[in-house]
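>>> Next come a sequence and a model predicted from it.
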Number of protein chains: 2
Amino acid sequence: MKNIYIIGTGLIGGSLALDLKKLLPESVISGIDKSEAHLVEALELGVIDKKATYTDLHDADLVVLAIPVDVAVVELPKVLDAISDFSIVVDVGSTKQAICNVVADHPKRRNFLAMHPIAGTEFSGPKAAVLDLFQHKTNIICEVEKTAFKLQEQVINVFNKIGMRMRYMHPESHDKHIAYVSHLSHISAFMLGKTVIEKEKNERDIFDMAGSGFESTVRLAKSSPAMWTPIFEQNKTNVIDSLNDYIKNLTQFKELIEADDFESVFNEMKDTNYIKQILNGLQ
Amino acid sequence: MKNIYIIGTGLIGGSLALDLKKLLPESVISGIDKSEAHLVEALELGVIDKKATYTDLHDADLVVLAIPVDVAVVELPKVLDAISDFSIVVDVGSTKQAICNVVADHPKRRNFLAMHPIAGTEFSGPKAAVLDLFQHKTNIICEVEKTAFKLQEQVINVFNKIGMRMRYMHPESHDKHIAYVSHLSHISAFMLGKTVIEKEKNERDIFDMAGSGFESTVRLAKSSPAMWTPIFEQNKTNVIDSLNDYIKNLTQFKELIEADDFESVFNEMKDTNYIKQILNGLQ
């Protein structure tokens, strides 16, 4: 894989660029970004080797589409139009149903592999790019059977070598489960942040009282709204389901406190301590 | 301060014992705990120098009460009964109104200083004790004017030296604000854990999909129910207020998604990004 194109040189695209360059030092990593400022920054930081445009894509071996999911569904067909028969294009979006749908009948469908490398931080832009972000992380692959065998083999081999474990899943299942284990966490953090800011806006001193517990629970509320808004839009039904379940559980917990049923309050928390074992399984 | 007694040799009591021993190597740290197993463990780990009982407290220079808040309100009067006029007793509980009320008319009220050193981890027991847990953290002091001047000066000096900054607050204000910046974070994490476990209980594989975002948001759901249940009970009114505000915000966010008002969804998150500046202020 000599000619690698990264479309979207932010946190995920930039971090992948760094890992790919380390793995394949002979490759040329070209960046494409609608933000000229990001491209210049990515160049200066050594995240990419050079700037490019869609007209260069004809010589691409690998194209990584790492842009917000609402833009990805518009751009992916254009990217597939611009590549040769020997290129493989992957996307890295947090929703998988919409992107699979949009290219279902594209003549170059077999040159595309839908994936969701589950890694990230709450930061964004080329400055957020870090080496080894994907080490020991999970990469969800969707509709693997729709991608040309040789091309999927090549690219999965590359993602294996940057440290990821592959998991194969139907796009509909991906979107349902990721609503619970990822999208809901983000909304719970954003709304926790909002609730506390609203309450304490006139008393900045109060944040002196916030310990590391508040900090870790609210961390995701620093995330990029431009990235997350279209994710919630594309995964609307599942996100609403997860929010309904979450609000129901919070309301029930509140009602137990109101009813002075602290034995049940204890048991609710005791049962949820089981999350320890689950999180240990994640290590 | 030669004779130091730690009542409750768990995460907070044990960590304080380690810091106090480091600061005052000549002191003798005695542990009192209703769990003989914890006492033995604390001794073996070197968290305390020896075991003791309330009858030994007459020679105490400093007593630290680090037990669940429902037990603390029962034990504090007994501890004050057992000490001399030259002892200072501090508690470290996460609620302050109830403990201040219970000793308001105690003849040794001036030998007590109510505090809340805001530090901790999601672990518990003597094994969870770590050195320097309180470094650069906030210690909320309540009703400082009710404590004998010399005694408060001595003990605040010690807490300064283990790295804490003091903040003075009315117990009612403490309990109101801490509901938002701490207690609500714990409930939001517990209910997030519960929601995801309920949804995915038959599909353990799904937790492969959980990234570091889920892990940090749900971290507090590993906390001890025995410690947190009485905190929610003692701070019932404020905790319910904070939960009402949180549920209202989550419901409103869900309604924006349902109404396809993604401009407002974006703005809600954009406004909450302000938490970045607040968290930076915490460093």
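Structure's in. What do you need? Numbering: from 1, shown residues only, chains lettered A, B, ... in the order given.

>>> Let's check: the centremost residue of chain A is which one?
When Cα atoms, centre = their mean is applied to chain A, the residue found nearest the centroid is A:S94 (4.5 Å).

>>> how close does the nearest residue to that residue once chain neighbours are set aside get to B:K2?
What sits nearest to A:S94 in space, not counting adjacent residues and going by Cβ to Cβ, 6 or more residues apart in numbering or on different chains, is A:I231, at 4.9 Å. In this view, the C-beta of every residue, glycine as well, is placed from N, C-alpha and C. Going from A:I231 to B:K2 by Cβ to Cβ, to the nearest Å gives 60 Å.

>>> neighbour-wise, which of those two wins?
A count of neighbours by other Cβ atoms under 10 Å in any protein chain shown puts A:I231 above the other of A:I231 and B:K2, at 22 against 11.

>>> Contact partners for the more buried one?
When contacts are counted by Cβ atoms under 8 Å, 6 or more residues apart in numbering or on different chains, A:I231 is found next to A:68-69, A:93-95, A:183.

>>> one more time with 10 Å, if that's ok
Applying Cβ atoms under 10 Å, 6 or more residues apart in numbering or on different chains, we find A:I231 in contact with A:68-70, A:93-95, A:175, A:178-179, A:182-183, A:186, A:239.

>>> buried set for the host helix or strand of it?
If you go by DSSP states H and E, A:I231 is part of helix A:225-234. Of all the residues in helix A:225-234, those buried under the rule 16 or more other Cβ atoms under 10 Å in any protein chain shown are A:225, A:227-234.

>>> Determine the next helix or strand in the C-terminal direction from that helix.
Assigned by DSSP H and E, the successor of helix A:225-234 is helix A:236-258.

>>> How about residues contacting the next helix or strand after that next one?
Using DSSP H and E, the helix or strand that follows helix A:236-258 in sequence is helix A:262-272. When contacts are defined by Cβ under 10 Å, 6+ apart, helix A:262-272 is touched by residues A:249, A:252-257, A:259, A:261, B:70, B:186-187, B:189-198, B:218, B:221-230, B:232-233, B:236.

>>> Packing partners of the helix or strand harbouring A:A37?
Using DSSP H and E, A:A37 maps to helix A:36-44. With contacts taken as 3 or more Cβ pairs under 10 Å, 6 or more residues apart in numbering or on different chains; DSSP states H and E, helix A:36-44 sits against helix A:11-23, strand A:28-32, strand A:50-51.

>>> right, and those - which one's nearest chain B?
Minimum separation from chain B across these (Cβ to the nearest Cβ) falls at helix A:11-23, 11.8 Å.

>>> Give me the contact list for the helix or strand of chain A with the lowest mean pLDDT.
Counting by mean pLDDT, DSSP states H and E, the weakest-scoring helix or strand in chain A turns out to be helix A:275-282, with a mean of 77. Here helix A:275-282 makes contact (Cβ under 10 Å, 6+ apart) with A:136, A:138, B:122-123, B:189-190, B:192-194, B:196-197, B:200, B:204, B:206-212, B:214-215, B:218-222.

>>> same thing but at 6 Å, please
Here helix A:275-282 makes contact (Cβ atoms under 6 Å, 6 or more residues apart in numbering or on different chains) with B:193, B:207, B:215, B:218, B:221-222.

>>> Looking at those residues, which one is closest to B:Q152?
Nearest to B:Q152 among the contacts of helix A:275-282 is B:K222, at 35.0 Å by Cβ to Cβ.

>>> Going by residue numbers, what spans are strands in the stretch 51-200 of chain A?
A:62-65, A:88-91, A:112-117, A:138-142, A:165-169 (DSSP state E, counting those that start in this stretch).

>>> which one of these lies closest to chain B?
Smallest distance to chain B across the strands of the stretch 51-200 of chain A (Cβ to the nearest Cβ): 4.9 Å, for strand A:138-142.

>>> contacts for that closest one?
Contact partners of strand A:138-142, identified using Cβ under 6 Å, 6+ apart, comprise A:96, A:114-118, A:159, A:164-169, A:171, A:174, B:208.

>>> Quick one, grab the pLDDT at A:G211.
pLDDT recorded at A:G211 is 79.

>>> Grab the nearest non-local neighbour of it.
Using Cβ to Cβ, 6+ apart and skipping the chain neighbours, the partner closest in space to A:G211 is B:I118 (4.4 Å).

>>> Next, count neighbours for that neighbour.
B:I118 has 24 neighbouring residues, counting by other Cβ under 10 Å.

>>> cool, and A:N3?
18.

>>> for A:R165, same thing?
By other Cβ under 10 Å, 11 other residues sit near A:R165.

>>> before we move on, the earlier item: take the contacts of A:I231 and lay them out in CSV including pLDDT.
Below are these laid out as CSV (pLDDT from 0 to 100):
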residue, pLDDT
A:P68, 96
A:V69, 97
A:D70, 97
A:G93, 97
A:S94, 96
A:T95, 98
A:D175, 96
A:I178, 94
A:A179, 96
A:S182, 93
A:H183, 96
A:H186, 96
A:V239, 98
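
>>> Might you specify the subset of those residues located within helices?
A:69-70, A:175, A:178, A:186, A:239 (DSSP state H).

>>> Between the contacts of A:I231, which sits nearest A:V103?
Scanning the contacts of A:I231 for proximity to A:V103, where the rule is Cβ to Cβ, the winner is A:G93, at 12.5 Å.

>>> Pretty sure the closest one sits against A:A72.
Yes. Using Cβ atoms under 6 Å, A:G93 makes contact with A:A72 at a distance of 5.2 Å.

>>> between the two, what contacts are shared?
Joint contacts of A:G93 and A:A72 (Cβ under 6 Å, 6+ apart) are A:I99.

>>> re earlier: how big is the angle separating the least confident helix or strand of chain A from strand A:138-142?
Angle, helix A:275-282 to strand A:138-142, by axes from the mean of the first three to the mean of the last three Cα atoms, to 10 degrees: 80 degrees.

>>> Pull out the buried positions in helix A:275-282.
Across helix A:275-282, burial judged by 16+ other Cβ under 10 Å covers A:275, A:278-279.

>>> nearest to chain B, of the residues you listed?
For these, the closest approach to chain B (Cβ to the nearest Cβ) belongs to A:I275, at 4.1 Å.

>>> where does the stretch 51-200 of chain A come near chain B, residue by residue?
Taking Cβ under 6 Å from any Cβ of the partner chain as the contact definition, the stretch 51-200 of chain A meets chain B at A:118, A:138, A:167, A:177, A:180-181, A:185, A:188-196, A:199.

>>> how about a cut-off of 7 Å?
Counting by Cβ under 7 Å from any Cβ of the partner chain, the stretch 51-200 of chain A comes close to chain B at A:118-120, A:138, A:140, A:167, A:177-178, A:180-182, A:184-197, A:199-200.

>>> if we can go back for a sec, with just CA atoms, put the least confident helix or strand of chain A into CSV.
C-alpha atoms of helix A:275-282 as CSV (Å, rounded to 0.1, in the frame of the first residue of the first chain):
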residue,chain,number,x,y,z
ILE,A,275,-20.1,-3.5,35.7
LYS,A,276,-16.7,-4.0,37.4
GLN,A,277,-16.5,-7.5,35.9
ILE,A,278,-17.6,-6.3,32.5
LEU,A,279,-15.1,-3.4,32.5
ASN,A,280,-12.3,-5.8,33.6
GLY,A,281,-13.3,-7.9,30.5
LEU,A,282,-12.5,-4.8,28.4
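
>>> Much appreciated, bye for now.
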